[in-house]
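Peer 1: whatever this is, show me its structure:
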Amino acid sequence: MIKRVLRVAAVLCAGLLAPGLVFAADVDGAALSVWWALPFAGILLSIAVIPLVAPFFWHHHYGKVAAGWALAFLMPFAAVFGLPTAGAGLVHAMLAEYIPFIILLTALFTVAGGIFVRGNLHGSPALNAGLMAIGACLASVMGTTGASMLLIRPLIRANDNRKHVAHVIVFFIFIVSNIGGSLTPLGDPPLFLGFLKGVDFFWTAKAILPETLFLVGALLALFYAIDTWYYRKEGVTRQDPTPDTPSFGIEGKVNFVLLLAVVGLVLMSGVWSPGIEFDVFGTAVGLPQLVRDGALAAITFISLVVTPKAAREQNQFGWGPMAEVAKLFAGIFLTIIPVLAMLKAGLNGPFAPVVQLVTSPDGQPIPAMYFWATGLLSSFLDNAPTYLVFFNLAGGDPQVLMTTLAPVLAAISGGAVFMGANTYIGNAPNLMVKAIAEDRDIRMPSFFGYMVWSFGILLPLFAVTTFIWLR
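Peer 2: Next up, the predicted model:
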């Protein structure tokens with residue numbers, strides 16, 4: 001059996017390496033059965049269930065599980081639609097989506113991991129809420145990933161003498177890793193896609209600023225109340241493992257310059273259009289992407305070289321969290337291919353009932369339904385292509401969407417960014433923050449345990465947001 005699997009995999013790889021076999025093939029989602037979504041559902045259930053029932057197995061073999069589900073999609077897909085089509089899908093997912101995604105995450109993870117805040121912060125409710133408020137402001141400037149990687153370690157260190165810490169990390173994911181990044185195209189990938197499609201840079205900030213302020217403010221107030229209750233209950237009697245120092249300071253300051261360079265490169269790749277691109281087995285790879293990804297790889301290397309060794313040691317920097325995200329998202333990016341194709345098929349695809357929900361009988365778009373449909377799908381799918389699907393479903397004309405249909409575009413934007421906080425896989429920083437926390441021996445909620453927090457706290461707030469702004 002193993003030999004047969006390896007043989008099929010080898011044939012598929014051979015197809016990828018033979019230029020004559022692989023060409024761009026856009027699979028018609030309307031022709032796909034909903035059963036093609038099973039591998040994607042399988043990897044999601046594996047992430048949710050296996051760590052609960054077999055934690056030791058998951059810790060050592062999660063990469064193999066992700067690879068298994070990827071092959072469970074690719075091999076039947078190649079058998080049914082042919083090697084060229086499967087190969088084109090694999091190359092596109094890797095070159096156009098996964099590799100740029102993982103290079104950017106690695107750069108941000110490495111650069112932020114080289115910034116060490118010297119001094120012992122004490123994790124009181126006020127200090128924790130203050131750090132999250134700062135993170136929410138930074139998220140729209142340097143992205144949710146950059147802000148999360150910059151602040152999660154100081155936050156964990158500030159609370160390392162406390163017994164109950166998981167709720168602090170959960171609210172950090174809500175506020176910094178997601179909702180804080182809703183105001184500019186630099187904050188979150190869906191908004192960057194809108195920017196590339198012609199949405200003005202500051203349009204989103206003007207359109208959903210009230211909703212963002214409401215959600216961040218409400219979450220900070222709820223967090224302060226919950227954290228105060230835990231703080232008083234436990235009494236913070238554990239000895240603080242981080243020694244006090246006479247003064248605060250920052251080591252690895254050069255990484256702030258590198259962080260600005262990362263933000264600049266991302267912005268550059270969206271606005272620079274030299275019209276030069278290369279065809280790689282059917283996938284167009286533009287010069288801006290090559291320059292950006294090459295420069296990001298160089299920045300990662302520079303950060304590793306120039307950062308004082310002591311800064312990373314004191315940050316307890318390690319590659320484990322990055323490896324987990326890289327392996328799991330490789331499987332997710334592959335198994336999601338047919339799901340996105342079916343969604344893009346609109347009213348002609350298996351997900352037609354979802355598409356029908358966003359339009360009234362007279363053909364008018366319903367902002368509230370756009371918000372919830374975009375958001376709930378973004379909770380489990382990649383929120384960037386989900387945003388793009390509903391953007392196009394609403395007409396795809398940025399001038400119309402920014403004026404006549406402004407409530408619809410605001411709903412799509414808010415749903416894609418806000419509801420990425422609903423699950424660990426809704427946004428890449430969620431899983432990274434969870435992995436870093438667990439690497440520090442913090443017992444985080446399970447996949448479903450996290451959803452108890454998110455559904456219990458976020459969904460009511462999203463309902464209030466809908467009632468006030470999206471009726």
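Peer 1: for stretch 343-362, list every residue counted as buried.
Peer 2: Within stretch 343-362, the residues that count as buried by 16 or more other Cβ atoms under 10 Å are 343, 344, 345, 346, 349, 350, 351, 354, 355, 358, 359. To be clear about C-beta, it is placed using only N, CA and C from the backbone, and glycine gets the same treatment.
Peer 1: in JSON lines, list the residues you listed along with distance to residue 72.
Peer 2: Output for the buried residues of stretch 343-362, formatted as JSON lines (distance: Cβ to Cβ, whole Å):
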{"residue": "343", "distance to residue 72": "20"}
{"residue": "344", "distance to residue 72": "22"}
{"residue": "345", "distance to residue 72": "22"}
{"residue": "346", "distance to residue 72": "27"}
{"residue": "349", "distance to residue 72": "21"}
{"residue": "350", "distance to residue 72": "19"}
{"residue": "351", "distance to residue 72": "21"}
{"residue": "354", "distance to residue 72": "24"}
{"residue": "355", "distance to residue 72": "27"}
{"residue": "358", "distance to residue 72": "31"}
{"residue": "359", "distance to residue 72": "35"}
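Peer 1: widest-spaced pair of the residues you listed?
Peer 2: Across the buried residues of stretch 343-362, no pair lies farther apart than 350 and 359, at 17.6 Å, counting by Cβ to Cβ.
Peer 1: so which of the buried residues of stretch 343-362 are in helices?
Peer 2: 343, 344, 354, 355 (DSSP state H).
Peer 1: wait, the second one touches residue 29, no?
Peer 2: So the one you mean is residue 344. Yes. Counting by Cβ atoms under 8 Å, residue 344 touches residue 29, with 5.4 Å between them.
Peer 1: which parts of the stretch 301-450 of the chain are helices?
Peer 2: Counting by DSSP state H, counting those that start in this stretch, one finds helices in the stretch 301-450 of the chain at the ranges 309-314, 320-335, 337-344, 352-357, 367-378, 383-393, 398-402, 406-418, 428-439, 447-469.
Peer 1: so of those, which one's packed in deepest?
Peer 2: Ranked by mean neighbour count, the helices of the stretch 301-450 of the chain are led by helix 406-418 with a mean of 28 (mean count of other Cβ atoms under 10 Å).
Peer 1: name the helices or strands packed onto that one?
Peer 2: Of the remaining helices and strands, those touching helix 406-418 by 3 or more Cβ pairs under 8 Å, 6 or more residues apart in numbering; DSSP states H and E are helix 189-196, helix 203-234, helix 367-378, helix 383-393, helix 398-402, helix 447-469.
Peer 1: now with 6 Å?
Peer 2: Helices and strands touching helix 406-418, by 3 or more Cβ pairs under 6 Å, 6 or more residues apart in numbering; DSSP states H and E, are helix 203-234, helix 367-378, helix 383-393.
Peer 1: name the helices or strands packed onto the shortest one?
Peer 2: Which is helix 383-393. Under the contact definition 3+ Cβ pairs under 6 Å, 6+ apart, helix 383-393 sits against helix 189-196, helix 337-344, helix 367-378, helix 406-418.
Peer 1: what residues does that helix touch?
Peer 2: 189-190, 193, 340, 343-344, 370, 374, 377-378, 412, 416, 420 (Cβ atoms under 6 Å, 6 or more residues apart in numbering).
Peer 1: farthest pair within those residues?
Peer 2: Every pair of the contacts of helix 383-393 checked by Cβ to Cβ; the farthest is 344 and 420, at 19.7 Å.
Peer 1: how about residue 218: what's its closest non-neighbour residue?
Peer 2: Once flanking residues are discounted, residue 218 sits nearest to residue 461: 5.6 Å by Cβ to Cβ, 6 or more residues apart in numbering.
Peer 1: may I see the buried residues of the longest helix along the chain?
Peer 2: Criterion DSSP H: the longest helix present in the chain is helix 125-158. Buried residues in helix 125-158, counted by 16+ other Cβ under 10 Å: 125, 128-129, 131-133, 135-136, 138-158.
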